[in-house]
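Asks: Okay, sequence plus prediction incoming.
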Amino acid sequence: MEPLSIRRPDPPEEAQRAAILAALVAYSDPRAGPREWPEHDLCLLLHDDAGKAAGGLWGKAFYDWLFVELLFVPDSLRGRGLGAALLARAEEQARGWGCHSLWLDTFSFQARGFYERLGYTVFGELPDYPAPHSRFLLSKRLGADGARVEADIRQVAAPSAADRAVILEPLGAFNNKQIGASAPQTDRGLARLIENDRGEIVGGLWGDVYYDWAWLELLVVPEAGRGQGLGSRLLAMAEDEARALGCVGVWLDTFSFQARGFYERHGYEVFGTLDEFPAPHQRFFLRKRFAAE
């Protein structure tokens, strides 16, 4: 049995996240189905009347779904139908990439009603995110034909971190203003690396903290390390650190070909499900609320 160890990186680096993701993809893609699973980044930028990029939409397509991670229209451009236009363009591009559905999330102080008017439905909710607000997960199945909306929206061919920041930074400022926060509550301290005796990253955990909840983005244990309790140790480390950071709970997602039973054995419960992600599989969203001390 290959000797493996868990290390907390300080500070975590993007290359370490990429190594964990590569291990997870190598495990997941063959189980998702006998085909290639390309990923596509989507960046649609809005420009203000002076020509400066001032908002837009950021998303990622994989496993036949498009996830809309960020959408923001600044005050100076509201009332022109640009939010609906951004989603229409995203839906059109999703069809072009072969996606059949979209999903996204929003807070109770953001735009749930806007998305519902455009055909999105809530499939999951995280309460107290942060209290007294909630975070909602919504999805939409695409029809054969979508809306055609003309607007001054530019799709970036090779989106960069700087393009994402154009959308993320004003959206974060808007969110903090709504809840009275002075700064974004984010942290990458949940990272843990599984390394072999040669110092190579062969698995691990990656997550962050936002508004009183910890989100576990990645968790993978290599085949050589299974049966040693490494997954349980990673999860316990993340939960302990989340408690120390003042979180009320942890949430994550897993596919039907991954580890739903593992998480449920550790006290997580399913609060949202997306079918055909990709067909015939499902994507499950799970949460664990910490007991009050």
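Replies: Alright, I've got the coordinates. All values reported here derive from a predicted model rather than from experimental measurement.
Asks: Run through the strands of the stretch 1-150 of the chain in chain order.
Replies: 4-7, 40-47, 53-62, 65-72, 101-107, 121-127, 134-141 (DSSP state E, counting those that start in this stretch).
Asks: wait, which of those strands is closest to Ala191?
Replies: Nearest of the strands of the stretch 1-150 of the chain to Ala191, taken as C-beta to C-beta: strand 4-7 at 9.5 Å. Quick note: C-beta positions are derived from backbone N, CA and C, even for glycine.
Asks: Output the closest one as PDB, restricted to C-alpha atoms.
Replies: The C-alpha trace of strand 4-7 is given here as PDB (Å, rounded to 0.1, in the frame of the first residue of the first chain):
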ATOM      1  CA  LEU A   4       0.200   8.800   1.800                       C
ATOM      2  CA  SER A   5       0.100  11.900   4.000                       C
ATOM      3  CA  ILE A   6      -2.200  14.900   4.400                       C
ATOM      4  CA  ARG A   7      -0.700  18.400   4.400                       C
END
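Asks: In the sheet, which strands lie alongside it, parallel or antiparallel?
Replies: strand 192-196 (antiparallel) (DSSP bridges).
Asks: Kindly reformat the strands of the stretch 1-150 of the chain as TSV containing mean pLDDT, distance to Ala94 and mean neighbour count.
Replies: TSV is the format used below for these (pLDDT from 0 to 100; distance: least, C-beta to C-beta, whole Å; neighbours: other C-beta atoms under 10 Å):
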stretch	mean pLDDT	distance to Ala94	mean neighbour count
strand 4-7	95	38	15
strand 40-47	96	8	20
strand 53-62	95	6	22
strand 65-72	98	4	21
strand 101-107	98	6	20
strand 121-127	98	17	17
strand 134-141	98	10	20
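Asks: ok, Leu24 to Asn196 distance?
Replies: 17 Å (C-beta to C-beta, to the nearest Å).
Asks: So between the two, which is more surrounded?
Replies: Remark: of Leu24 and Asn196, Leu24 carries more neighbours, 19 against 16, as counted by other C-beta atoms under 10 Å.
Asks: Report the separation between the more buried one and Leu70.
Replies: 23 Å.
Asks: Relative to Asp240, which of the strands of the stretch 1-150 of the chain is closest?
Replies: strand 4-7 (13.0 Å).
Asks: ok now the closest one, how far from the chain's centre?
Replies: 26 Å (C-alpha atoms, centre = their mean, to the nearest Å).
Asks: can you list contacts of that strand?
Replies: For strand 4-7, contacts defined as C-beta atoms under 8 Å, 6 or more residues apart in numbering pick out 192-197, 202, 204, 222, 224-225, 228, 230, 233-234, 237.
Asks: Can you show me the helices along the stretch 51-200 of the chain?
Replies: 82-96, 112-117, 161-179 (DSSP state H, counting those that start in this stretch).
Asks: Out of the ones you listed, which gets nearest to Leu274?
Replies: With C-beta to C-beta as the criterion, Leu274 lies closest to helix 82-96 of the helices of the stretch 51-200 of the chain, at 14.2 Å.
Asks: In terms of secondary structure, what does the closest one contact?
Replies: Contacts defined by 3 or more C-beta pairs under 8 Å, 6 or more residues apart in numbering; DSSP states H and E place helix 82-96 against strand 40-47, strand 53-62, strand 65-72, strand 101-107, strand 153-155.
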